[in-house]
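Predicted structure and sequence below. I'll ask about it afterward.
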Amino acid sequence: MRSSARFRGRLVPFTVTLLAIELSVGVVFAEELKEQPKVALRVSSCSQPFETALRRMLEIELGNLLDDARSENDSNLEAIEIACEAESAKISARSVAGDQVAHNDLRFDAFPSDAAPRAVALAALEALRAVDPTLTERLAAQRAGASASTATSAPSGKSSVRPKATPAAAEKLALAEKTAPSPASTERPVTRLTVGGGARHFVSTPATTLLGVRLELSRRFGAPFDAGLDLDGAMNRQQVKLGTVEARLLSTGAWLAARAGRADWSASAGFGGRAGLVQLRGAPALDARGHRVLRPLVGALVLLRADGALGPVALAIVGEGGYALAGAQGLASGAPALRLDGIWVTVSANAGLRLSL
């Protein structure tokens, strides 16, 4: 009995000493973390669900090192900048002094939509490690400090039961992926303004080909379809025995197309309609009379197109086929010299700007 009492007498000071050591370790880690530079995060041009999931991933990985409360221009801050562009992310990391910058751009179109934020977050961490080689040690110290703090907060009556260690980063990341909202689409809409030249061929006899210019405003949506409006002007002049017959066509088209492909290239197929005015004018060379008339052109169309992108430059090759429900004919000596009716086909090449609007 005396031995047992003597043992308990020694156990109490030992336990108190152990708790004091753990508490001091936690305080030291906390003080070190306070002195360590924080990391500012700037995310731009990303969809809201994508940004929310991305920030959650980085909060899990960086913990208390992430500080969005202060300005990224703070001299005691490292910085991560992420900008979404179509199906890629422009990623850069900056050191505290700003003298070191690392880039780690990533295309995330190959990842499932729910895994894309995680891939971008990991790429951002790699860029940050490039300018801060001590990042891994700082993160380990932070986790150790959190474990020590958890241990000292256990009730004294249950000091013999050790708290479970904090989950590994991979486990927390998997949990965050399950609870984070999944972005519906990582592709950003783009507006295209292009101009080009083309040829419109009416196959009715006599076949008539008009050459002209085309101005188009189109929208590439986040969903896999495109829509657009165009303004087309073209003309043809035909020499006949009595002089010349001239046709000028000004028309506008509207179309909707399903799209397949990537951000920098795609193929589309769709349908729409075209309406415009045809001006026919006869210029006699002999003792004949010429007339000038206006006629409507209205028809349905089908569309095939290929689109490409070189940075802010938009490129497109457009093929169109249609049938004029209302058209016009230019007559000379009672016979058609020009015909703008029936079936038509059009090919045009276009170039312009891609605008993130």
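Ah, there it is.

Any stretches of the stretch 201-350 of the chain with poor pLDDT?
286-288 (pLDDT under 70).

can you give me the helices in it?
Remark: no helices are assigned in the stretch 201-350 of the chain by DSSP state H, counting those that start in this stretch.

Which parts of it are strands?
Remark: strands assigned in the stretch 201-350 of the chain by DSSP state E, counting those that start in this stretch are 208-220, 225-240, 243-261, 265-284, 292-310, 313-332, 335-355.

cool, and the stretch 51-200 of the chain?
Assigned by DSSP E, counting those that start in this stretch, the strands in the stretch 51-200 of the chain fall at 77-85, 88-94, 101-103, 106-107, 190-202.

hey, least reliable of those strands by pLDDT?
When these are compared on mean pLDDT, strand 106-107 scores lowest, with a mean of 84.

Could you spell out the sheet neighbours of that one, each with its direction?
Counting by DSSP bridges, the strands paired with strand 106-107 are strand 88-94 (antiparallel).

How about residues contacting the strand it pairs with?
Here strand 88-94 makes contact (CB atoms under 8 Å, 6 or more residues apart in numbering) with 46, 78-84, 100-109, 120, 123-124, 127-128, 130-132, 263. No exception for glycine: its C-beta is placed from N, CA and C like everyone else's.

For it, which residues meet the burial criterion?
By neighbour count with 16 or more other CB atoms under 10 Å, strand 88-94 contains the buried residues 88-89, 91-94.

Between which two of the residues you listed is the distance greatest?
For the buried residues of strand 88-94, the maximum inter-member distance is 19.9 Å, found between 88 and 94 (CB to CB).

In a markdown table, list the strands of the stretch 201-350 of the chain along with distance to residue 192.
Rendered in a markdown table, the data for the strands of the stretch 201-350 of the chain read as follows (distance: least, CB to CB, whole Å):
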| stretch | distance to residue 192 |
| --- | --- |
| strand 208-220 | 5 |
| strand 225-240 | 8 |
| strand 243-261 | 12 |
| strand 265-284 | 11 |
| strand 292-310 | 8 |
| strand 313-332 | 4 |
| strand 335-355 | 6 |
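
Now the most centrally placed residue in the chain: closest residue in space, sequence neighbours ignored.
Against the mean C-alpha coordinate of the chain, by CA atoms, centre = their mean, the closest residue is residue 86 at 2.3 Å. Nearest-residue entry for residue 86: residue 263, 3.5 Å, with adjacent residues in sequence omitted and distances by CB to CB, 6 or more residues apart in numbering.

Can you tell me how far the one you found is from residue 38?
Going from residue 263 to residue 38 by CB to CB, to the nearest Å gives 34 Å.

Kindly report the same for residue 234.
Residue 234 sits 62 Å away from residue 38, going by CB to CB.

Likewise for residue 292?
Distance, residue 292 to residue 38, by CB to CB: 76 Å.

Tell me where the stretch 1-150 of the chain is predicted with low confidence.
Scanning the stretch 1-150 of the chain with the threshold set as pLDDT under 70 gives 1-36, 68-76, 97-98, 109-110, 145-150.

can you pull out the helices in it?
Going by DSSP H, counting those that start in this stretch, the stretch 1-150 of the chain shows helices at 2-35, 48-62, 116-131, 135-152.

Point out the other helices and strands that the second one packs with.
Secondary structure elements in contact with helix 48-62, counted by 3 or more CB pairs under 8 Å, 6 or more residues apart in numbering; DSSP states H and E, are strand 38-44, strand 77-85, helix 116-131, helix 169-179.

mind listing what residue 296 touches?
275-278, 326, 328 are the contacts of residue 296 under CB under 8 Å, 6+ apart.

if you set the cut-off to 10 Å instead, what comes out?
By CB atoms under 10 Å, 6 or more residues apart in numbering, the residues touching residue 296 are 251, 275-278, 324-328.

ok, now residue 321?
For residue 321, the contact set (CB under 10 Å, 6+ apart) comprises 300-304, 343-346.

Mark which of those residues are buried, thanks.
Neighbour-count burial (16+ other CB under 10 Å) is assigned, among those, to 301, 303, 344, 346.

would you turn these into TSV with distance to residue 247?
Output for the buried ones among the contacts of residue 321, formatted as TSV (distance: CB to CB, whole Å):
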residue	distance to residue 247
301	19
303	23
344	13
346	15
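
a markdown table for the strands of the stretch 51-200 of the chain, including distance to residue 317?
Below are those laid out as a markdown table (distance: least, CB to CB, whole Å):
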| stretch | distance to residue 317 |
| --- | --- |
| strand 77-85 | 24 |
| strand 88-94 | 24 |
| strand 101-103 | 33 |
| strand 106-107 | 24 |
| strand 190-202 | 9 |
